[in-house]
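**Q** need a structure here:
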Amino acid sequence: MARSINQVILMGRLTRDPEQRTTTTGKTITSFSIAVDRQGQEDQADFFDVTAWEKLGELVSQYLSKGRRCLVQGRLRQDSWDDKETGKKRTRVEVVATDVTFLDGPNDGAGSDRSGGAPRSSSDNNKNKDVVIEDIDDKPIDLSEIPF
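**A** The predicted model follows:
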């Protein structure tokens, strides 16, 4: 019999700022939700609740904010409970994140004013410039000069 697979990969934008809290056992959990645009359907999206635990959740809370893009990898978890007010059975499906990739840079996206990173200095920008070498000759390479 084949093994079961429970894996989900979603790419979208946060619909609200992440909310971090601590459980009674002292573990941190961060909750957020993302909107994933439906391909080929303008102005329509699917919305997913996501939870991230411990260090991953702390990083999400520190670097992501509403409007920022991210790629979430994880598994689906379904919770069910009895509603205290109505007595009806309630269910909810959420994504438990195992990895979150931040897709926007510190100043990209439609996020709030939380920059999420240190500003670059002008010396950092100069390091990223391409170097153009103009004096390249067309002599053949002597393979005996290669050290490996």
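
**Q** what's the first helix or strand after the lengthiest helix in the chain?
**A** Determined from DSSP state H, the single longest helix within the chain is helix 54-63. With elements assigned by DSSP states H and E, the helix or strand that comes after helix 54-63 is strand 69-82.

**Q** whatever helix or strand comes next after that following strand vs strand 69-82, what angle?
**A** Note on strand 69-82: by DSSP H and E, the next helix or strand toward the C-terminus is strand 89-102. Put simply, strand 89-102 runs at 160 degrees to strand 69-82, going by axes from the mean of the first three to the mean of the last three C-alpha atoms, to 10 degrees.

**Q** can you give me how far strand 89-102 is from the chain middle?
**A** Here strand 89-102 is found 13 Å from its chain centre; the criterion is C-alpha atoms, centre = their mean, to the nearest Å.

**Q** buried set for that strand?
**A** 94-97, 100, 102 (16 or more other C-beta atoms under 10 Å). To be clear about C-beta, it is placed using only N, CA and C from the backbone, and glycine gets the same treatment.

**Q** what does stretch 9-21 give?
**A** 10, 12-14, 17-18, 20.

**Q** make JSON lines from the buried residues of strand 89-102 and add distance to Asp79 and pLDDT to it.
**A** As requested, the buried residues of strand 89-102 are arranged in JSON lines below (distance: C-beta to C-beta, whole Å; pLDDT from 0 to 100):
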{"residue": "Glu94", "distance to Asp79": "7", "pLDDT": "95"}
{"residue": "Val95", "distance to Asp79": "12", "pLDDT": "96"}
{"residue": "Val96", "distance to Asp79": "11", "pLDDT": "96"}
{"residue": "Ala97", "distance to Asp79": "16", "pLDDT": "96"}
{"residue": "Val100", "distance to Asp79": "21", "pLDDT": "95"}
{"residue": "Phe102", "distance to Asp79": "27", "pLDDT": "93"}
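
**Q** which of the residues you listed sit farthest apart?
**A** Glu94 and Phe102 (20.2 Å; C-beta to C-beta).
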